[in-house]
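Visitor: model this:
(one chain, ligands or ions: 1)
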Amino acid sequence: MSGTMVLVRHGQSEWNKLNLFTGWRDPDLTEQGIREAEQGAAALKEYGISFDIAFTSVLQRAQKTCRIILEGIGQPDLETIRDQALNERNYGDLAGLNKDDARAKWGEEQVHIWRRSYDVPPPGDEGESLKDTGARVWPYYMTEILPRVLRGEKVLVAAHGNSLRALVMILDRLTPDEITRLNLATGVPMVYRLNADSTVASKEVLGDMSGAH
Ligand SMILES: O=C(O)[C@H](O)COP(=O)(O)O
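Guide: As a prediction, the model looks like this:
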């Protein structure tokens, strides 16, 4: 057995609440999002883990979630590395649009393909598919995060729905078809223990993922 890695999606953001495509835009957490991060912290405290290092994105909703969790488990000063590689997928021209308005304009099926397919990017030059998102998340994971876990460190990663879906895809060995059905709830920690060969020894979800969509 090697180390432990906890993945957690940020709590509800202002734009989650307004049902807007967000991507690389940078809204704050809502009051509910703060509570979700606090609940994630409480679950980790009960689980009894302390971390050696934390990773987050350059977006404030993930950074604040990370800070709330570290404060909640009594490690407010833990070294935290922020990197754009862990950002949400870039939603291209959809950023700022209402998801229901988009469904009315382009149809339910097309919007679902943009949101959940493996390799269809949203419209616009900057738009990233999950595969494109993985193309920056996976190398970052391999070079910066995994080596620490394999050294036995306990690592917290506070990031985003789709940057974490990309990570979960390789950890859980999901196919491009299976990943279309994976939704991550906000503020619910996923505890991965890894074997020395970097495969997953165990996965525990500290909360309820069933409401995620
Ligand atoms: O960027 C966003 O809009 C959300 O954080 C994630 O969006 P999704 O649920 O459409 O993948």
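
Visitor: Residues of this protein that sit close to the ligand?
Guide: Within the chain, the residues that sit near the ligand (C-beta under 6 Å from any ligand atom) are Phe21, Thr22, Gly23, Glu88, Tyr91, Arg115, His160, Gly161, Asn162. From N, CA and C alone the C-beta is placed, and that goes for glycine too.

Visitor: which residues does whichever residue of the chain sits closest to the ligand contact?
Guide: Nearest to the ligand, among the residues of the chain, is Thr22, at 3.4 Å (C-beta to the nearest ligand atom). Thr22 makes contact with Ser13, Trp15, Asn16, Glu88, Tyr91, Ala95, according to C-beta atoms under 8 Å, 6 or more residues apart in numbering.

Visitor: Of those, which is the nearest to Ala212?
Guide: Ranked by distance to Ala212 (C-beta to C-beta), the contacts of Thr22 are led by Asn16 at 11.3 Å.

Visitor: my guess is that closest one meets Leu29, correct?
Guide: No. Using C-beta atoms under 8 Å, Asn16 makes no contact with Leu29, being 9.2 Å away.

Visitor: okay, the two: which has more neighbours?
Guide: Taking other C-beta atoms under 10 Å, Asn16 and Leu29 do not tie; Leu29 has more neighbours (26 against 19).

Visitor: Now that one. Its backbone dihedrals?
Guide: Taking degrees, to the nearest 10, you get phi -70, psi 150 for the backbone angles of Leu29.

Visitor: hmm, back to that, narrow the residues of the chain next to the ligand to those in helices?
Guide: Arg115, Gly161, Asn162 (DSSP state H).

Visitor: Now stretch 180-193: buried residues?
Guide: Within stretch 180-193, the residues that count as buried by 16 or more other C-beta atoms under 10 Å are Thr180, Leu182, Leu184, Ala185, Thr186, Gly187, Val188, Pro189, Met190, Val191, Tyr192, Arg193.

Visitor: quick one, what contacts the last one?
Guide: Spelled out, that is Arg193. With C-beta under 8 Å, 6+ apart, Arg193 has these contacts: Met1, Ser2, Gly3, Thr4, Val200, Ala201, Ser202, Lys203.

Visitor: Now, of the residues you listed, which are buried?
Guide: Among those, those scoring as buried are Ser2, Gly3, Thr4 (criterion: 16+ other C-beta under 10 Å).

Visitor: so of those, which ones are in strands?
Guide: Members of the buried ones among the contacts of Arg193 lying in strands (criterion: DSSP state E): Thr4.
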